[in-house]
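Engineer: for reference, the sequence and a predicted model appear below.
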Amino acid sequence: MQQLPLLYNALADRKVAVRLGRDLAPLGPFMAIMDTFFKTREVTLPVAFACICWMKFVAALQGRRGLGRNVSLTFQHSKDLQKRIEEAVENRKALLAYNKANSLLERCTGEIKHFVPLYHIARANPLFAGLTALNHQFQYLHIANEVLFATSKLRAFGHLYNALVQEGHLERNPFFDDVYDVYGQEVFAPSRAAAIHGAYYRTYLISSNLRVNLIEAVYRGEELPAPSEAYKKKKAFHLSDVSEIFRLSRLNDKSILKGGSWKDMLEDVANLCSRELFETRVLSRDLLKLNEDLTDLFPELVRVLGQQDCFSNIMDNSVAGESRQQRLSRALEESVMRKAMPLLDALQSDGSIDISAIPGAMSATVAMDALLGKKLCSEIAAVINAKFSTTSEVCEQIYFTYPAQPDFVTQEYGGPDPDTRRDDSEQVFEDLMKLLRESDSPLSASDLSYLKAELKKDPNLLGLISSDPDPHDPTKYRELCSLLHEAVAGSAHDADLVDWMIQMGALII
């Protein structure tokens, strides 16, 4: 409890230093409560609740290096987010969907960088570290959600994926099954159950908000009016529509609190947070990366379907009130879905093709025998598999910002230290020293993963000292004679690796 005044002063100094015009949720409410307390010295229920949260937070993290390791993980998480943001800004794919994307992403990474000089304060104040990491995560998730749902790529792909799986052209992908379980309300109308053989294209058109009176016009082959007239305007979809924790923390929506004692409310919120992190995963799924991969996928599907002319025609004919970004998105989607969905409806289980299932204006362009139709569907599936068929481990690294299990510390630093040293520890130590010495920059991802894996197996390697002589003076030992020394001052110098080694016990072994 004696750290609370220090925490309050640190936050107040930070606010002044970076000239923030507003309190960053969820730090704002905490600051307001403590500000009132330090001015009035009046102990109110909100003050008591804030202090209980503080003590529970610290107590939950205590253990053998548990507190320090968890705080370090909050730093690492923010750095990982920064890398994702910088890659997204550089490839500019988010801009194709949302013209404000890069400016919002750059603002987010700017706030992450502002936090770096405050690491020393955060190490002594885990609540500050945790809330700051939560703030960075919420900003990133919010921007990613706005980017992905600025277009209808996720909806279009969902209908295509569902039809290909049901017709046996594509194996189920657990990642996409989970995605469409969570976002099904935004993708399928009236429900996913309605998207069945013979109704794939019709359900897609309904889900796309095409006015009901125009759906039959599509099947009759009639020309549709401009998109602004043909489609109903739909309420924008936000992160708050799927995350109650986001609504509580960022929008101060207390409707999720069921009442009862403070303890009961804390447990309810903790359980809800756990569900959103590890079950629905709406608090960790990287929709920005998913948007990038879907952006790459649709041009490939246009090519496979031979719809380049359709795409060019849409791009060459601008529509009043439609931005180029919107036209590009519409051209990609329509070029793929106009041909693929009717074809999947028309192909029959007995190997025939029912041309009557294809809208009138398209029958000539889709006319083919069943064998060719199946071949085309297989090619579509092959493109999707090439893009998204990965191991679950790789999928976790690409599409999620938090692991699937809550044991973050164990996953990063390993379990309890082994009681005995390995028989080959000396050789492993020399191999790791050689790896660091021969690298002229921070280790590559694969080399870093190898080094950490070996140290998790035997943390005592951090306590070994090399007996190699100094190449410039054989009568002396090398100055950089341990793994920590090499990470600190060697050619492979890496501040993050140094911190990781310290959390592994390099200073006490």
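Structural biologist: On my side now, so go ahead.

Engineer: pLDDT of the helix or strand Ser312 falls within, averaged?
Structural biologist: Assigned by DSSP states H and E, Ser312 falls within helix 308-316. Looking at helix 308-316 alone, the average pLDDT works out to 95.

Engineer: center of this structure - which residue?
Structural biologist: Against the mean C-alpha coordinate of the chain, by CA atoms, centre = their mean, the closest residue is Asp286 at 1.7 Å.

Engineer: and the next helix or strand past the helix holding Ser312?
Structural biologist: Following helix 308-316 in sequence, per DSSP H and E, is helix 324-346.

Engineer: other SSEs contacting that next one?
Structural biologist: helix 153-166, helix 200-207, helix 287-304, helix 308-316, helix 363-366, helix 370-388 (3 or more CB pairs under 8 Å, 6 or more residues apart in numbering; DSSP states H and E). Just so you know, the C-beta spots here come from the backbone N, C-alpha and C atoms, and that holds for glycine as well.

Engineer: so Pro190 is in which element?
Structural biologist: Using DSSP H and E, no helix or strand contains Pro190.

Engineer: count the neighbours of the closest residue in space to it that isn't next to it in sequence for me.
Structural biologist: Take Pro190 and drop its neighbours on the chain: the residue closest to it by CB to CB, 6 or more residues apart in numbering is Ile206, 7.5 Å away. By other CB atoms under 10 Å, the residues close to Ile206 number 17.

Engineer: how about Ile206, what does it touch?
Structural biologist: Contact partners of Ile206, counting by CB atoms under 8 Å, 6 or more residues apart in numbering, are Ala189, Pro190, Ala194, Val212, Ile215.

Engineer: now with 10 Å, please.
Structural biologist: Each residue near Ile206 by CB atoms under 10 Å, 6 or more residues apart in numbering is listed here: Phe188, Ala189, Pro190, Ala194, Ala195, Ala199, Val212, Ile215.

Engineer: repeat for Ser482
Structural biologist: With CB under 10 Å, 6+ apart, Ser482 has these contacts: Phe429, Met433, Leu461, Leu462, Gly463, Leu464, Ile465, Ser466, Val488, Met501, Ala506, Ile509.

Engineer: distance of the first one relative to His197?
Structural biologist: Between Phe429 and His197 the distance, using CB to CB, to the nearest Å, works out to 62 Å.

Engineer: with the second one instead?
Structural biologist: Noted for Met433: a distance of 62 Å to His197, by CB to CB.

Engineer: more neighbours, those two?
Structural biologist: The neighbour count for Met433 versus His197, taken as other CB under 10 Å, is higher for Met433 (22 against 15).

Engineer: helix, strand, or coil at that one?
Structural biologist: helix (DSSP: H, G, I helix; E, B strand; the rest coil).

Engineer: gap between the closest residue to it other than its chain neighbours and Ser439?
Structural biologist: In space, and not counting its chain neighbours, Met433 is closest to Ser466: 5.6 Å by CB to CB, 6+ apart. Distance, Ser466 to Ser439, using CB to CB: 16 Å.
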